[in-house]
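Colleague: The sequence and its predicted three-dimensional model are supplied below.
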Amino acid sequence: MRTLLLVVVAVAGVVAGWQLRGIASENITFAVPASASTDPSAADSLTTLAPAQSYPNKSTAALAPLDSLEAFYDALVGLDSAGEAAVRAQLQGFIDKRAGQLTQQQRWPELLAFYQRLVNLDPHIAEYYYRLADVQVQLQLYDQALYSLYFILQDPVMGPKAQALEQRINQRLQFAEGITVPLFKHGAHHVVEARLLSGTLRLLVDTGASITTLTPAAARRLNLRYDLGRSISLATAGGLVSAPVIEVSDFMVGGAAVDRLQVGILPLVGDNGFDGLLGMNFLQQFASSINQQDGLLHLQNKRQPAKG
């Protein structure tokens, strides 16, 4: 009788154990380890993080706080398509917020490290290569930027943007060696061709003009809008005059470009078909010199001496 009682107790223990095991299997918690950053100076942590969520294929799975790129990519392992889409949506928000912070604060080396890690973690996303190249241009790492762009030049979506950035880089590399722009003689003045995205301009080179100017006719031809109410006083050969001032983008002379340039809208006395004056607010941004004899304007990066 005693032996029979021990057998019954043992069987009951086994059954209870299997029941407890079944209950536990329905409530497995899943924790994602947060990988240490490879660059402590470029920590990704944000002040507000997405709350832990449960995702399909991981029953009642509570994700650890996703506070680094590595944590997000660890969290993607083993998810079904719906779970992956949810994590990637959070990841994109994280990338945009972190990159926005670093860009606003102009912390370019940290932003560079951030995108380098992102490309290593997800090498199939063309946009990440483009963003990396853009930061490398900011840091004047032109050879590295060209290498980053090489992988996405034929991408159907990012390819055109990558090719345009590649062209800009090549222009800057050419400019690093110095650019010689032909001048056309007009009486005692020299005339140079300048370009905006909307068209070309013929400008008189005037080292006595503090600001570059365009005639009202030239502004209208290039669809440049200006407000007569926003005017400043400009010194001219005839004295002080009031003129509206606008900001133009991608102002180029030869291969030398200024991303943003203030331009006054002012009639040119006896313009003879010219579109305005190329003033010192453009020329002083470069090491510039004029070869009067050969009629050449040389523009060079200020970090290098201008050629005579």
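Modeller: Done, it's in.

Colleague: hey, where'd the strands end up in the stretch 201-308 of the chain?
Modeller: 212-214, 231-236, 239-253, 256-265, 276-278, 287-291, 296-300 (DSSP state E, counting those that start in this stretch).

Colleague: just flag whichever of these has the lowest average confidence.
Modeller: Note on those: lowest mean pLDDT is at strand 231-236, with a mean of 73.

Colleague: picking that back up, of all the strands of the stretch 201-308 of the chain, which one is nearest residue 136?
Modeller: Closest to residue 136 of the strands of the stretch 201-308 of the chain, according to C-beta to C-beta: strand 256-265, at 16.8 Å. (C-beta placed from N, C-alpha, C; glycine too.)

Colleague: burial count for residue 147?
Modeller: 14 (other C-beta atoms under 10 Å).

Colleague: related to what we said a few turns ago, among the strands of the stretch 201-308 of the chain, which is nearest residue 224?
Modeller: Closest to residue 224 of the strands of the stretch 201-308 of the chain is strand 239-253 (C-beta to C-beta; 6.2 Å).

Colleague: The residue positioned nearest the centre of the chain: what secondary structure?
Modeller: Centroid-nearest residue in the chain: residue 134, 4.7 Å away (criterion: C-alpha atoms, centre = their mean). At residue 134 the chain is in helix, as set by DSSP: H, G, I helix; E, B strand; the rest coil.

Colleague: Quick one: name whatever helix or strand follows the helix or strand of the chain with the lowest mean pLDDT.
Modeller: Taking mean pLDDT, DSSP states H and E as the measure, the chain has helix 2-25 as its least confident helix or strand, at a mean of 42. Next helix or strand after helix 2-25 toward the C-terminus (DSSP states H and E): helix 69-75.

Colleague: Pull out the buried positions in the helix or strand just after that next one.
Modeller: Downstream of helix 69-75, the first helix or strand assigned by DSSP H and E is helix 81-104. If you call a residue buried by 16 or more other C-beta atoms under 10 Å, then helix 81-104 has these buried ones: 83-84, 86-87, 90-91, 94-95, 98-99, 102.

Colleague: hang on, the earlier thing: next one: the residue nearest to the centre of the chain relative to residue 297, how far apart?
Modeller: Per C-beta to C-beta, to the nearest Å, residue 134 is found 30 Å from residue 297.

Colleague: now do residue 148
Modeller: 33 Å.

Colleague: Can you pick out the residue with more neighbours from the two?
Modeller: Set residue 148 next to residue 297 and count neighbours by other C-beta under 10 Å: residue 148 wins out with 25 against 22.

Colleague: what residues are up against that one?
Modeller: Shown in contact with residue 148 (C-beta atoms under 8 Å, 6 or more residues apart in numbering): 119, 129-130, 132-133, 136.
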